[in-house]
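A.B. asks: fold the following for me, if possible:
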Amino acid sequence: MDAAGYTTLGRQSGLMREMQVVANNIANLSTAGFRREGVVFAEHVARLDREPSLSLAHATGRAVDLTQAGLTMTGASFDFAIQGDGFFLVETPDGNRLTRAGSFTPSAEGALVSPDGFRLLDAGGAPVVVPPGSGPVGLAADGTLSAGGVPIAQIGLWQPADPMSLRHQSGTLFAADDLEPVEGGQVFQGFLEESNVNPVSEIARMIEVQRAYELGQKLLDAEDGRSRSVIETLGR
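C.D. replies: Numbers count the residues shown, from 1 in each chain. Just a heads-up that it's a prediction; the model follows:
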């Protein structure tokens, strides 16, 4: 295969990866706290023997869109939504993870857990526990959680020290190397943050990627036909 074929194959691989990311975004239009993702294309230059260098598309990086999404009122005592920067911190078997999905329920012991059973952590990194039978639960905008009018914990808001270290793990969970507390973020009780995926722009992007992939496939087919024609001509 010649340089044009390798270049096109690299581009096709990146477009296929981008199509998967776009499809995942569309599938999570209604997932509370979901963050839209995009694919980062970069240029990879390969050195060739006795020939000019070969430039290939490299599309393994992902960019997380941290744009604020709208808030939906649920009225549930343990539904929390963040307005501004920051993430909730939850404890998972693979380590602490960041999330904007704020739907929690108290366990039998009173610990607030996500739908997957991961415990919500406070500003000090300890599990947030609401003692059973302690009275109505209230949440201040600064994250102070109270039960029966008595403060019991402060929900922490965290963010990666380096935004580029934010890595999507699964669903609405993210990992980062170094975390730091967020100043100025607000937490609202009885609300959930929506997905920040724009369906119109994502569908438009899907069509654009599909058309680009089809054009690349036509080029590969044309190159294959050209190569076959040359072989047949020389073989006569």
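A.B. asks: which stretches of this structure have low pLDDT?
C.D. replies: Within the chain, the stretches with pLDDT under 70 are 1-10, 41-61, 220-221, 223-228, 230-232, 234-236.
A.B. asks: tell me where it has helices.
C.D. replies: Ranges of helices within the chain are 3-27, 199-234, based on DSSP state H.
A.B. asks: for stretch 109-128, which positions count as buried?
C.D. replies: For stretch 109-128, the buried set under the neighbour-count rule, 16 or more other CB atoms under 10 Å, comprises 110-114, 118-123, 127-128. C-beta here means a position set from N, CA and C on the backbone, and glycine is covered the same way.
A.B. asks: give me the residues contacting it.
C.D. replies: Judged by CB atoms under 8 Å, 6 or more residues apart in numbering, the contacts made with stretch 109-128 from elsewhere in the structure are 78, 88-92, 96-97, 99, 101, 103-107, 129-132, 143, 145, 153-157, 171, 181.
A.B. asks: if we use 6 Å, what do you get?
C.D. replies: Residues from elsewhere that reach stretch 109-128, judged by CB atoms under 6 Å, 6 or more residues apart in numbering: 89-92, 104, 106-107, 129-132, 153-154, 156.
A.B. asks: do the same with stretch 26-33
C.D. replies: By CB under 6 Å, 6+ apart, the surrounding residues in contact with stretch 26-33 are 34, 100-101, 172, 192-193, 195, 197, 199, 202.
A.B. asks: same check on stretch 195-211?
C.D. replies: For stretch 195-211, contacts defined as CB under 6 Å, 6+ apart pick out 15, 18-19, 22, 25-26, 28-29, 31, 34, 36, 67, 69.
A.B. asks: burial check on Gln68, number of neighbours?
C.D. replies: When neighbours are counted by other CB atoms under 10 Å, Gln68 registers 13.
A.B. asks: begin at 734 from now on, thanks
C.D. replies: OK, 734 is where the count begins now, so the last one is Gln801.
A.B. asks: if I look at it, how far off is Gln919?
C.D. replies: Summarising the geometry, the distance separating Gln801 from Gln919, computed by CB to CB, to the nearest Å, is 11 Å.
A.B. asks: list only buried entries from the contacts of stretch 842-861.
C.D. replies: When the contacts of stretch 842-861 are checked for burial by 16+ other CB under 10 Å, the buried set is 822-825, 837, 839, 862-863, 886-887, 889.
A.B. asks: which of those sits closest to Pro896?
C.D. replies: Distance to Pro896 across the buried ones among the contacts of stretch 842-861 (CB to CB) is lowest for Leu822, with 16.3 Å.
A.B. asks: so how far is Met806 from the nearest residue to that closest one once chain neighbours are set aside?
C.D. replies: Using CB to CB, 6 or more residues apart in numbering and skipping the chain neighbours, the partner closest in space to Leu822 is Leu854 (4.4 Å). Distance check for Leu854 against Met806: by CB to CB, it reads 25 Å.
A.B. asks: and what of Ile885?
C.D. replies: The value you get for Ile885 to Met806, if CB to CB is used, is 24 Å.
A.B. asks: which one's more surrounded, the two?
C.D. replies: Counting neighbours by other CB under 10 Å for Ile885 and for Met806 shows that Ile885 has the greater number, 17 against 11.
A.B. asks: please name the residues that touch the residue lying closest to the more buried one once chain neighbours are set aside.
C.D. replies: Here the nearest residue to Ile885 in space, its sequence neighbours aside, is Leu878; by CB to CB, 6+ apart that works out to 5.8 Å. Contact analysis of Leu878 by CB under 6 Å, 6+ apart lists 872, 885-886, 888.
A.B. asks: adding distance to Ser962, write these out as JSON lines.
C.D. replies: Written out in JSON lines, the entries for the contacts of Leu878 read as follows (distance: CB to CB, whole Å):
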{"residue": "Leu872", "distance to Ser962": "71"}
{"residue": "Ile885", "distance to Ser962": "77"}
{"residue": "Ala886", "distance to Ser962": "73"}
{"residue": "Ile888", "distance to Ser962": "68"}
